[in-house]
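Engineer: Structural data only, the sequence is not supplied:
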């Protein structure tokens with residue numbers, strides 16, 4: 001009986017640890033945004049580059065919790081998208097604090113001072129009190145017109 005109880009406790013702890021590793025306090029927000037590389041977003045054509053989007057351009061646009069960080073990585077030139085909200089501030093204070101660009105390599109929280117890497121498209125926390133990486137969103141490959149779609153695959157797209 002003790003062995004079964006111990007095995008159950010170990011399994012429950014392992015499941016809880018896995019959930020924490022994949023949990024992000026930003027949550028599951030709707031994201032639907034079109035990047036237009038041959039026009040308004042031509043600043044994302046070069047690698048590396050980064051851009052913050054806080055305003056919708058079309059009625060169907062959805063920008064996650066706080067807006068989007070769009071980044072073209074330095075390694076392969078791929079496009080990446082992240083939520084603009086600091087995950088630490090959302091978890092600790094419930095406030096939505098927008099990150100700010102620090103060159104094309106990093107974004108920083110003006111409140112908790114956590115710094116996140118975007119240069120290689122990972123969104124990893126580099127320093128500061130945050131225990132989370134940035135919330136990532138998916139980006140489609142450019143079509144023939146130079147348009148890419150940013151979306152949240154966990155939202156039902």
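Structural biologist: Looks like it arrived, so ask away. The shown structure was predicted, so the numbers you read here are calculated from the model rather than taken from an experiment.
Engineer: following the lowest-mean-pLDDT helix or strand in the chain, which helix or strand shows up next?
Structural biologist: Of the helices and strands making up the chain, the lowest-confidence element is helix 2-22, at a mean of 44, by mean pLDDT, DSSP states H and E. Remark: after helix 2-22, the chain's next helix or strand is strand 31-36, criterion DSSP states H and E.
Engineer: Can you name every helix or strand that that following strand contacts?
Structural biologist: Secondary-structure packing of strand 31-36 (3 or more Cβ pairs under 8 Å, 6 or more residues apart in numbering; DSSP states H and E): strand 62-63, strand 68-72, strand 79-83, strand 147-151. Using the backbone N, CA and C atoms, a C-beta is placed for each residue, glycine as well.
Engineer: ok, and for it, which residues are buried?
Structural biologist: Using 16 or more other Cβ atoms under 10 Å as the test for burial, strand 31-36 gives 31-35.
Engineer: and which of these is nearest to residue 58?
Structural biologist: Closest approach to residue 58 among those (Cβ to Cβ): residue 34, at 7.5 Å.
Engineer: Quick check: the closest one touching residue 151?
Structural biologist: No: checked against Cβ atoms under 8 Å, the pair residue 34 and residue 151 is beyond contact range at 9.9 Å.
Engineer: and the spatially closest residue to residue 132 that is not a sequence neighbour, how far is that from residue 153?
Structural biologist: Nearest residue to residue 132 in three dimensions, chain neighbours excluded: residue 87, at 3.9 Å (Cβ to Cβ, 6 or more residues apart in numbering). From residue 87 across to residue 153, the span is 18 Å (Cβ to Cβ, to the nearest Å).
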